[in-house]
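Trainee: show me the folded form of this:
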Amino acid sequence: MNYEAVIGLEVHAQLKTRSKIFCSCPNEFGANPNTNVCPVCLGMPGTLPVLNRFAVELAVRAALALNCTVHRESRFARKNYFYPDLPKGYQITQYDRPVATDGFVEIETEKGLKRIRIKRIHLEEDAGKDLHDISPDKSYIDYNRSGVPLIEIVTEPDISTPEEASKYLRTLRNILMYLDVCDGNMEEGSLRCDANISVRKSGSSELGTKTEIKNLNSFRFVEKALACEIERHIGMLERGERIEQQTMLYDSKENITRPMRSKEESHDYRYFEEPDLLPLVLTEQDIRTYGEDICELPHQKKMRYTGELGLTPYEAEILVQDKGVAEFFEECALLLKEPKQIASWIINDYMRELNARKISIKQSPVTPHKLVSLIKQVAEKKITLNMAKEVFVILFEEGGDVQEIINRKGFTVVNDSDEILKNIREIIGKHPDELSRYKKGNQNLIGFFIGELMKRMKGRIDPKAARELVKTELDKS
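Mentor: This next block holds a predicted model:
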């Protein structure tokens, strides 16, 4: 408790373009190694880069949604380093003149909303991918990823805990996916995170020596790696040891961080302006046009769901975590003005079935019209809630029409109160001991009588109505 962490994140997001940033090679995951390559992205002598206009549009769209200032002029630079996955021996990126600066993202913490400032967003090309698990004594390189367009989103050191880092990353990922800027697939490397971390005495304004953890590709790994590194820093400071500025890798199997190399400074990369690309110049009209495609963002939807539709913050948060789920909910709400019931079905039943089948809501056989039809059947007391849940599972497993399934299964609700009362009285008459205990104050026994009634009537009565009738008869007996 005598120390506090200071964390900044650098998030690399691959842009959803059809082609790479400086050539026409396909930007796609999963192709055979070294098939989506050409002389430009392989860095052959004499080739020249041509900037992808759509990559610029996506970068500007993301910057505006993240509350950044988009600059009318930005410039590309060469970042020089030698590594096998970088065929040119340098990376084309933006350095001192990025496309956007000074933004922010707000996350929810136990103390309320916290603003995480974004220092800069810049465009750059991705490197290739090293493959070390094919052979025990050789490494291979797949250059398909070389030249894929990225934006790097760099925060100020405003993050204080591993949990805040994970929340920021989740929030950022959701925004980028809503914008259709990045697919957010961390397993495929579409979204990757580097974390800069230092530790200082609580209340101090002086920053400690920082280390960087590279290539974190899941929310869980971000939290665990940061927790490990914080613990390592504190342990070294307590022992009076000096922390070195290093680049670290997280070993998830051992749950430890290991040194990778000494941490580079900007001068180590010998940045200089890219001579083969003109400055990127945007007009005010360009910026306005690119911003027109910004949709309603997750936090805006959440405010509308709670303010206008009466959902709880928890319900709204669950629904907005996936753009497809939010769109499905809104289509249902247009068909039936019962947002609370719709939200309950989606959160408790729909998402359970999607997770069990490992499919997205867009792949689901249960359309908004089918779900709304099922909810209406319950509201109109044509079927019970239990019957509806059984129909819902059948819709997932077999497809079909709601009414056809109800007819085929023989689902009908008994609304004849005389018939229900007759059965209640017969059940009470057969269980005098339970009736006596109920009369002596064991109110929980009402559940026993309701259960017996439901079994006798094969679930064809509304549980709420059944409870009221059972209680009335028990109290009269």
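
Trainee: pretty sure Thr171 is touching Ile107, no?
Mentor: Yes - in this structure, Thr171 is within contact of Ile107 by CB atoms under 8 Å, at 5.4 Å. Where C-beta positions appear, they are placed from N, C-alpha and C, glycine not excepted.

Trainee: name the element the residue nearest to Phe448 when sequence neighbours are not counted belongs to?
Mentor: In space, and not counting its chain neighbours, Phe448 is closest to Glu434: 5.8 Å by CB to CB, 6 or more residues apart in numbering. Using DSSP states H and E, the element containing Glu434 is helix 432-439.

Trainee: what about the residue nearest to Phe448, neighbour count?
Mentor: When neighbours are counted by other CB atoms under 10 Å, Glu434 registers 18.

Trainee: what residues of the host helix or strand of Glu327 count as buried?
Mentor: Assigned by DSSP H and E, Glu327 belongs to helix 323-335. For helix 323-335, burial by neighbour count (16 or more other CB atoms under 10 Å) applies to 323, 325-330, 332-333.

Trainee: just send the residues you listed back as TSV, with distance to Ser266 and pLDDT too.
Mentor: TSV is the format used below for those (distance: CB to CB, whole Å; pLDDT from 0 to 100):
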residue	distance to Ser266	pLDDT
Lys323	37	94
Val325	42	96
Ala326	41	97
Glu327	43	96
Phe328	46	97
Phe329	46	97
Glu330	46	97
Cys332	52	97
Ala333	51	96
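
Trainee: are we agreed that Val6 is in a strand?
Mentor: Yes - counting by DSSP: H, G, I helix; E, B strand; the rest coil, Val6 is found in a strand.

Trainee: ok, what's across the strand from it?
Mentor: With DSSP bridges as the criterion, Val6 is bridged to Ser198.

Trainee: now Pro149
Mentor: Counting by DSSP bridges, the residues bridging with Pro149 are Glu125.

Trainee: still on that earlier bit, using CSV, write out the CA atom coordinates for the helix holding Glu327.
Mentor: Extracted C-alpha coordinates of helix 323-335, given in CSV (Å, rounded to 0.1, in the frame of the first residue of the first chain):
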residue,chain,number,x,y,z
LYS,A,323,-22.8,-3.9,-31.4
GLY,A,324,-24.8,-6.8,-33.0
VAL,A,325,-26.6,-7.5,-29.7
ALA,A,326,-27.4,-3.8,-29.3
GLU,A,327,-28.8,-3.6,-32.8
PHE,A,328,-30.8,-6.8,-32.2
PHE,A,329,-32.3,-5.3,-29.0
GLU,A,330,-33.3,-2.1,-30.7
GLU,A,331,-35.0,-3.9,-33.6
CYS,A,332,-37.0,-5.9,-31.0
ALA,A,333,-37.8,-2.7,-29.1
LEU,A,334,-39.2,-1.2,-32.3
LEU,A,335,-41.6,-4.2,-32.7
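
Trainee: which residues are in contact with the helix or strand just after it?
Mentor: As assigned by DSSP H and E, the chain's next helix or strand after helix 323-335 is helix 339-345. Residues from elsewhere that reach helix 339-345 (CB atoms under 8 Å, 6 or more residues apart in numbering): 305, 309-311, 315, 319, 329, 332-333, 336, 371-372, 374-375, 379, 392.

Trainee: can you turn the buried part of those into a PyMOL selection?
Mentor: Only the buried entries of the contacts of helix 339-345 go into this PyMOL selection, using 16+ other CB under 10 Å:
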select buried, resi 305+309+311+315+319+329+332+333+336+371+372+374+375+392
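
Trainee: mind checking which of the contacts of helix 339-345 land in strands?
Mentor: Using DSSP state E, no member of the contacts of helix 339-345 falls within strands.

Trainee: among the contacts of helix 339-345, which one sits closest to Glu265?
Mentor: The closest of the contacts of helix 339-345 to Glu265 turns out to be Leu319 (CB to CB; 44.9 Å).

Trainee: residues contacting the closest one?
Mentor: Applying CB under 8 Å, 6+ apart, we find Leu319 in contact with 301, 305, 311, 325-326, 329, 343, 346-347.

Trainee: same check, this time on Cys23
Mentor: Contact analysis of Cys23 by CB under 8 Å, 6+ apart lists 38, 40-41, 49-50, 147.

Trainee: format those as TSV; extra columns: pLDDT, secondary structure and distance to Asp96.
Mentor: Formatted as TSV, these follow (pLDDT from 0 to 100; DSSP: H, G, I helix; E, B strand; the rest coil; distance: CB to CB, whole Å):
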residue	pLDDT	secondary structure	distance to Asp96
Cys38	97	coil	30
Val40	97	coil	25
Cys41	95	coil	25
Pro49	97	coil	19
Val50	97	coil	23
Gly147	97	coil	23
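
Trainee: and those residues, which is closest to Leu9?
Mentor: Leu9 lies nearest to Gly147 out of the contacts of Cys23, by CB to CB, at 24.3 Å.

Trainee: and that closest one, its phi and psi?
Mentor: With angles defined as degrees, to the nearest 10, Gly147 sits at phi 90, psi 0.
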